[in-house]
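Novice: sequence and computational prediction follow.
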Amino acid sequence: MIKIFKMHSGFASTLAEPFADGLFTRLAPAWLKPHILVMGAIFAGALAVGYLVLPGDGERIAALERDGKNRQALQILEQRFAQGDRSQRSLFQLQRLYEHFGDLAKAKQTLEMLASLRPRDPQVQRQLAQFYKLTQNEPAYLAALKGQLDIRYSEPLCKELIGIHRLNGNFAEEQSSMKECQQKGYRRPDDIIRFAYLMAADGDLAQASNLLRSVDDRRRLKVDRDRLLFFTALLSAGQAEEAQKRALRWLKGSRDDVLVLLLIDNLAKEKRHDLAITLAREAGAPGDSVSLAVAELMLDREEVVAARSYLKGWLEAAKIRDPDLAQRFVAAALDAEDPELAFNGAKSFGLSRVGQGELVTLAESLRAIGEVKLFQQVREAIDINTLKDHPLLLAADAVDQGSPEAARQLLSRVQVDGLDEWRLALWAQLMESARQRAMVPDLQRPANAQTGPAAVTGVRPGGRRFKAAPSRSRYAKRRSQQQQQQQTQQAQPQPKAPPLIPGVPKGMQFPPLGGQ
Amino acid sequence: MFQSWRPLVLGIALWLAAVASLVPPVAALEIEFSGRIVKRDILALYDGRRERVPSETRIHKFAELPLNYLGYRVVYHDVNSTLPDPSSLDRYRGVLTWLIEPLRRPDTFVDWLDQATARGLKLVILGEVAPPESGVLLPKINRLLGRIGLEHTGEYIDLTWQAFVAEQNPDFVGFERPLDKVLPGFPLVLAKGSEVQQHLVVDAPAAGGRAKAALIATSPGGGYASLSYTIFYEPNTDRVRWTLNPFAFFKAAFGAERFPVPDTTTLSGRRIYFSHIDGDGWNNLTEIEGHRDAQRLSAEVISREAIQPYPDLPVSVGLIAGDTDIELGGNPAARTIARTLFGMPQVEVASHTYTHPYDWQFFQFYDRQAELAKVEQYQPPDISMRERFTRTITTMARKELPADRFDKYVATTDDLPRTYLRKPFDLDLEMLGSLAVAESLAPAGKRAKIMLWSGDTTPFPEAIQKLRKAGIQNLNGGDSRLDREYPSITYVPPISRLTGGERQIYSGNSNENTYTNDWTGPYYGYFMLEHTLTNTERPRRLKPFNLYYHMYSGEKTSALASVKHFLDIARKSAVVPTTASHYARIADDFFVTEIEQVDLFSWAVTGRGALQTVRFDAAEQLAVDFGRSTGVFGANRHEGALLVTLDPAVERAIVTLRSRADAEPPSPSGTATTLVESRWMLSRQIAEGCGFRTDAQGFGPGEMIWQTKAGRSFTVAAERGTQILHEGPVVADANGRLQFTIPVEAIEPLTIRMRCND
């Protein structure tokens, strides 16, 4: 010990040496040697440091918690709190202990206090938000989520916030959250798409289009319905070319006839047949349902001859296996004024598999142009239950079976004023046939029908095709319905132009019998 | 001559007016003839290729609860198996489908459905009729829809941004969530016929111009709700909510006929309370101050803190027999605790299986070798790296690990099929053996009455059958929640789950697992049970008050605090405390109760077993006609419903209703004294002059409210055998309300004698 003291004294002496002479030597008392002062200073410093590292209440509390003496720890903390301790460490500890004991009211209070002291601390704010969530305090949780987002953007938090509003059906809040999050960089495709739908529901197709564009540009627009909305929005914004380009990209490598046809429909509605036809040609293959739409679009544009020619080529390449496709082909061919072509298509599918409605129309068309043999083939595929609702066919049967009287009776029960042009012609033809076979005068004829040789015989003059059916093809049906709507909307009915030959549809210039 | 008819006509008119006054304004009263059994069965058809078993179907998960609430029993049938003979379906009230995915044979299905519903069976369709609804099938589909007064045009409206809601019935739409602002796509189904009630109509552009689609509709033929207008799924939160009001919809679709609904949530006019504990964590050392230093096991903490201080609240304790079996890895101390627990009068002896299976499907087709392979491959998640390395090296060297290392035959997580794996699985031991072990630790004569399912709570039929044959009840599964975190009744399960013809009864509430992230924290989460208890009580009492937890709640301070919190609530609440086995019996008997209409406003309730409450909804204007009822103790009201308490001693109870506006007809002894509510369960009421006596049994003090003549006084006595336990005067107030408490124990049945002092 003395050795150590001496050693330290020596050290102190060394330190004190500079002070050995001068003022200190002259003023200090004799016993106050420099080395003693230095030692004293070191000792005092050690005491101070020792005091500082002594465990305080915080450490004591932590030690109590570690030893599981939580009640004691809580007691100390509550005392300090009552004395005004609002330090963050104490509040953290208090909050943890309240949770430990299940005193949720106080845990909440403490945590809120902590959060108010550290409003920009993301961890504290997160902890507060989590507490609200776990204690099912939804309004506070939503406010806390928003608060967190104000501090720092987070995709999971945005997703959660938007989701809760959506689940609760708070659409305004959902939209405003979506907007705020998007401004901060939120790009989850599902939510952006949903936002687009909300915009569309508000009538803002332009904004919907912009939102969907941002998703599609990232190749994340994958659902048909979403693509259809985008497509529709682009069309209504007058951006048909862009719509078509995007559609081609969507369809590249993925066959989706349903979607293609829907897109084509939409283009046709917007009168962009050129784009629709291009889309059909690009997306379809010879003989498939998409390429059939080309013919339907041609018919929509009244390009009957072109459509007819296209349909012939289409049928050569097609293997019709789908009833819907068969129906479309038959309707298109009839609309193209070529019942024989329609017959060929129906036959390749199988007459027995074609829908009864289509068979009736086909049969009537064939009969009207005088193709009796083909008519009879089709007639055999029509079942008796269907036949009984179609008196024209029954009358044709009666004529063929040599029962003109029966035919005339059937025909006389038909409300001819309700017939469309071509069925009226068929009616007139059958009535004439029956009359000729029975050699009896007409008992009934429509008011505007002409007697005598001007009635239609079914002979096709000069290659002119017979416009057989009322328009049933894809677009023509819609076209005729639009026309009907326009007619009903007009206050005054338009005067009908009188037929060139009374009783014969306009446009049919059949020469009278006998070459008159 | 006409003059003599006048009184007759007047009489008929008055009778009709009286009848009409009992008809609720919105409900049609469909009475065909009296003496008929009320049809309560609904045939639910599902596609087993998509929804493997009934408990996985949309109908079970979402629709069966509201159907049960309305009094219906759901019978499931897979459309891919042989469909029943249409002529054998007379017992059913209707057919319900909720089909989305394409069927294998939609044409066959539609033909069968056509035959089935041609005989008058109501047809209720959620979603599509027979997906895929091809054009070829359309005429047949329309034949079916025609019975509901609807017609499918074959068109589907995909984009709806130009559509708008034309009509919306708030009683049917917006039940848990308003109709979405972005209207989902829908098939264009139109209403045809004047009998169709359209509850949601959307005006949308269609092929032929604009059309009004009937998206939710009901008629005398049944009902239809378009697929996306039933429930709404929110993907960010992964939660579901009803858009459609299933209670209103099913009531209208299956017929708004009024009949007494067997109720499984109420006894003696009060909400049922029961509690059950699964034995998991029995042998865990507690961390709770005051117990930790004594190194108590969690089960002992629960016993001391949550059971002993509450002798007025029954609890069923499910022991895992393996926890007491040293050979398997159990702890002998567990037996001591079990003896203490089972010795308490309020504790019902129960089993939580022998070896605690987690994955029940694994044991349906049990393969011991496969199980052993899993044991060998298993690495506990909390194993250290060093331990892992040691095991690997030892195993590669084909040596046995020293015995003092962890026991591989005792699983600490559910990564293995069950907890105790040392011996092969034995169903008899698991079921009856475990019950016998529990019973052996109970006082002589105290029987084990119920099995509490373990693990994933999906027992296979043979397991349930073993219990049924032994007369043992079973319970667990369902995980019922209805709160902010699970904000829909879709998270409240129906009464039971059928598997292979055997019935598993679901528990009333979820245990603490779903509140504590599978017991990883926060451990105070179970406090949130309060929300579910509130939401399943109002506006409809969907479930009893079930306090369900595990023994490991005795490990954590806040978890124990939450359990005690609810025990205190139960003690103060107006409930009927009973055992878990009793509740299970009530729930089971829902399915065997028969209701027979015997008169215009009178029904016989038979075969009900332990179920002793029937309910009439929307009954503010109705009351029980006690003079024309039999075996009826009394009635209480809850949120507009009338809850009628029946006498278990009367096998064929007759419940007759009258208009509330009419005065109660006098009984032979003056105004009858009827029960409003009681904490005890009552049976065998025998009139004694203007008073009566009745048997009673229950937990806690006998709180009771009766309704009688205003100011009438009684002397109430509680007797057991010849001993008078309590006697005292009671007087009804000015409203005839007679409220008193009998401060005696009634776990052992006693007799209450009410001598009136008129």
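Specialist: In hand now; what should we look at? Numbers count the residues shown, from 1 in each chain, chains lettered A, B, ... in the order given.

Novice: CA only for contacts and neighbour counts going forward, please
Specialist: Noted.

Novice: any weak-confidence spans in the stretch 401-550 of chain B?
Specialist: B:401-406 (pLDDT under 70).

Novice: make it 90
Specialist: Scanning the stretch 401-550 of chain B for pLDDT under 90 picks out B:401-409, B:412-415.

Novice: for it, what lies in contact range of chain A?
Specialist: B:Asp483, B:Arg484, B:Glu485, B:Tyr523, B:Tyr524, B:Gly525, B:Met528 (CA under 8 Å from any CA of the partner chain).

Novice: who's in contact with the nearest residue in space to B:Ser510 that is not next to it in sequence?
Specialist: Once flanking residues are discounted, B:Ser510 sits nearest to B:Asp479: 4.0 Å by CA to CA, 6 or more residues apart in numbering or on different chains. Applying CA atoms under 8 Å, 6 or more residues apart in numbering or on different chains to B:Asp479 gives the contacts B:Tyr491, B:Val492, B:Pro493, B:Ser507, B:Asn509, B:Ser510, B:Asn511, B:Thr514.

Novice: where does the stretch 651-758 of chain B get nearest to chain A, residue-wise?
Specialist: Nearest to chain A in the stretch 651-758 of chain B, going by CA to the nearest CA, is B:Gly700, at a distance of 27.3 Å.

Novice: can you give me every residue that contacts the closest residue to that residue other than its chain neighbours?
Specialist: Spatial nearest neighbour of B:Gly700, excluding adjacent residues (CA to CA, 6+ apart): B:Asp312 at 3.9 Å. Contacts for B:Asp312 (CA under 8 Å, 6+ apart) come out as B:Gln346, B:Arg571, B:Phe699, B:Gly700, B:Pro701.

Novice: kindly report the same for B:Lys543.
Specialist: Contacts of B:Lys543 (CA under 8 Å, 6+ apart): B:Thr264, B:Thr265, B:Gly508, B:Asn509, B:Thr536, B:Glu537.

Novice: so it, which state does it fall into?
Specialist: Three-state call for B:Lys543 (DSSP: H, G, I helix; E, B strand; the rest coil): coil.

Novice: what of B:Gly508?
Specialist: Relying on three-state DSSP, one would call B:Gly508 coil.

Novice: most neighbours out of the contacts of B:Lys543, which is it?
Specialist: B:Gly508 (34 neighbours; other CA atoms under 10 Å in any protein chain shown).

Novice: for the closest residue to that one other than its chain neighbours, helix, strand, or coil?
Specialist: Among residues not flanking B:Gly508 along the chain, B:Asn546 sits closest, at 5.2 Å (CA to CA, 6+ apart). Following three-state DSSP, we place B:Asn546 in the strand state.

Novice: what distance do you get for B:Asn546 to chain A?
Specialist: 20 Å (CA to the nearest CA, to the nearest Å).

Novice: again with B:Pro493
Specialist: 21 Å.

Novice: interface residues of chain A facing chain B?
Specialist: Residues of chain A lying near chain B (CA under 8 Å from any CA): A:68-71, A:99-102, A:134-136, A:138, A:159-160, A:162-164, A:166-169, A:171, A:197-198, A:200-201, A:203, A:225, A:228-229, A:478, A:481.

Novice: which among those residues end up buried?
Specialist: By neighbour count, with 16 or more other CA atoms under 10 Å in any protein chain shown, those hold A:68-70, A:99-102, A:134-136, A:138, A:159-160, A:162-164, A:166-169, A:171, A:197-198, A:200-201, A:228-229, A:478, A:481 as buried.

Novice: show me those residues that map onto helices.
Specialist: A:70, A:99-101, A:134, A:138, A:159-160, A:162-164, A:166-168, A:171, A:197-198, A:200-201, A:228-229, A:478, A:481 (DSSP state H).

Novice: show me how chain B divides into domains.
Specialist: Domain segmentation of chain B under automatic domain parsing yields B:39-256, B:270-360+B:432-586, B:589-756.
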